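> Below: sequence and its predicted model.
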Amino acid sequence: MSPLPLPPVPEPFQLPFHYGALHHLGIDWLVDPEPVHDLLAKHHPDLTAAEFGGRALVSFNYQLYFAQYAFGGGVTQEIEYNVVAFPSAESDRIPRLTYAQYAQGWDQTKLLGIARIHVLCDNPFAIEAGRALYAEPKHPGWFEVDLPSLNGPAGETWTVHGKAAETDAEGNLRKGSTPLFSLTATLDGLPAAPANTTPVTGYGTDPEGRLLAGPMNVYQPYRWYDLAAPEHADRVRLSIHAPDGDLGRDARSLVADTPAAGAWTYQSPPVAAHNRPYYLPARPPAV
């Protein structure tokens with residue numbers, strides 16, 4: 001078999017894309033595999049949904065990130081609805097893992113990746129880049145959030161509200177008023193295990209039906225929260241406000257009232273701090 005060519009990198013994009021800072025929340029659900037296999041066959045026919053103890057794995061992944069460019073900086077928010085899957089042609093290389101083992105990075109083949117089903121993003125340039133470079137099913141959306149922050153009250157609760165948006169003829173984002181979903185993860189007081197899960201392989205299927213894989217490196221471990229115990233069933237709340245939309249329909253049909261199996265977070269460490277000021281004594285009067 002001859003080597004495959006690399007996918008093109010059209011202008012004005014260049015790779016790799018470097019993140020200046022990243023704040024990331026992922027929520028995993030173990031669900032009935034049959035509808036997941038059907039959904040995956042529709043979007044990515046060359047992928048197979050992974051199973052952990054007879055359950056498929058779907059996730060919501062929220063990202064807030066900063067990037068520095070030659071002309072300045074940009075801030076982007078997006079959320080992905082994914083199925084954890086692998087290339088069907090590589091099925092004999094997939095390790096047998098529990099969900100907890102997968103979530104902590106035991107798959108060193110990195111073939112267990114995220115098959116993107118729906119992606120909402122508030123940055124038109126990032127939408128165009130995701131589609132052109134990684135065959136992401138990326139569409140406009142915008143977000144209202146309440147996140148853990150060193151510049152805010154103490155706590156580990158993440159709240160993300162996703163709303164509809166569109167782009168105009170000039171490519172500018174136009175925020176709509178229609179709510180799409182709300183996601184809250186109350187992780188306060190829970191122990192977190194370091195998880196070496198990257199590079200994360202993201203899968204896309206381009207308009208010609210070709211499967212491609214794009215790895216993403218994160219340079220510090222994630223924090224993984226095990227939510228399997230019954231007493232954690234209410235830690236994560238997902239509300240679908242637009243059940244007839246593509247994202248709402250697929251999320252509601254697969255997740256429904258299933259408790260989350262786990263959560264994982266990453267927050268870039270600060271690189272500088274502007275400290276509290278102090279008073280200086282007044283200059284003594286001249287004698």
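Ah, there it is.
> Count the neighbours of V58 for me.
Using other C-beta atoms under 10 Å, V58 has 27 other residues around it. Quick note: C-beta positions are derived from backbone N, CA and C, even for glycine.
> wait, it sits on A85?
No - using C-beta atoms under 8 Å, V58 makes no contact with A85, being 10.1 Å away.
> Show me what the helix or strand harbouring G162 is packed up against.
G162 belongs to strand 157-167 when assigned by DSSP states H and E. When contacts are defined as 3 or more C-beta pairs under 8 Å, 6 or more residues apart in numbering; DSSP states H and E, strand 157-167 sits against strand 138-146, strand 173-186.
> Any chance you could list what contacts that strand?
Residues from elsewhere that reach strand 157-167 (C-beta atoms under 8 Å, 6 or more residues apart in numbering): 25, 62, 79, 120, 122, 124, 127, 140-148, 173-188, 242, 265.
> Now with 6 Å, please.
The contact list for strand 157-167 (C-beta atoms under 6 Å, 6 or more residues apart in numbering) reads 25, 62, 79, 120, 124, 140-147, 173-176, 178-186.
> Quick check: buried residues in that strand?
158-165 (16 or more other C-beta atoms under 10 Å).
> by contact count, what packs against the stretch of helix or strand G130 belongs to?
Using DSSP H and E, G130 sits within helix 124-134. Using 3 or more C-beta pairs under 6 Å, 6 or more residues apart in numbering; DSSP states H and E, the elements in contact with helix 124-134 are strand 138-146.
> Give me the angle between the strand it packs on and helix 124-134.
Interaxial angle of strand 138-146 relative to helix 124-134 (axes from the mean of the first three to the mean of the last three C-alpha atoms, to 10 degrees): 130 degrees.
> Can you list the buried residues in strand 138-146?
Neighbour-count burial for strand 138-146 flags 138-143 (criterion: 16+ other C-beta under 10 Å).
> That one packs against which elements?
Judged by 3+ C-beta pairs under 6 Å, 6+ apart, strand 138-146 is in contact with strand 113-121, helix 124-134, strand 157-167.
> can you give me the angle that strand makes with strand 157-167?
For strand 138-146 against strand 157-167, the angle by the same axes, to 10 degrees is 140 degrees.
> How far off centre is strand 138-146?
A distance of 12 Å separates the centroid of the chain from that of strand 138-146, by C-alpha atoms, centre = their mean, to the nearest Å.
> What pairs with it, parallel or antiparallel?
strand 113-121 (parallel), strand 157-167 (antiparallel) (DSSP bridges).
> Can I get the helices and strands packed on strand 157-167 in JSON lines including distance to L238 and mean pLDDT?
Formatted as JSON lines, these follow (distance: least, C-beta to C-beta, whole Å; pLDDT from 0 to 100):
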{"stretch": "strand 138-146", "distance to L238": "15", "mean pLDDT": "98"}
{"stretch": "strand 173-186", "distance to L238": "5", "mean pLDDT": "97"}
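> which stretch of helix or strand covers F66?
F66 belongs to strand 55-69, assigned by DSSP H and E.
> could you check the angle helix 124-134 makes with that strand?
Angle of strand 55-69 versus helix 124-134, following the same axes, to 10 degrees, is 120 degrees.
> how about TSV for the helices and strands packed on strand 157-167, with distance to A193 added?
Below are these laid out as TSV (distance: least, C-beta to C-beta, whole Å):
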stretch	distance to A193
strand 138-146	25
strand 173-186	16
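> closest one to R237 among those?
strand 173-186 (4.7 Å; C-beta to C-beta).
> who does that closest one touch, helix- and strand-wise?
When contacts are defined as 3+ C-beta pairs under 6 Å, 6+ apart, strand 173-186 sits against strand 157-167, strand 236-240.
> For these, give me TSV that also has distance to G113.
Shown next, in TSV, are the helices and strands packed on strand 173-186 (distance: least, C-beta to C-beta, whole Å):
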stretch	distance to G113
strand 157-167	23
strand 236-240	22
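> What is the neighbour count of L15?
Other residues close to L15 by other C-beta under 10 Å number 12.
> doesn't it fall inside a strand?
No - L15 is assigned coil when assessed by DSSP: H, G, I helix; E, B strand; the rest coil, not a strand.
> check contacts around it.
By C-beta under 6 Å, 6+ apart, the residues touching L15 are V9.
> Can you tell me how far it is from Y266?
For L15, the distance to Y266 (C-beta to C-beta, to the nearest Å) stands at 21 Å.
> Check G209 too.
Taken as C-beta to C-beta, the span from G209 to Y266 is 33 Å.
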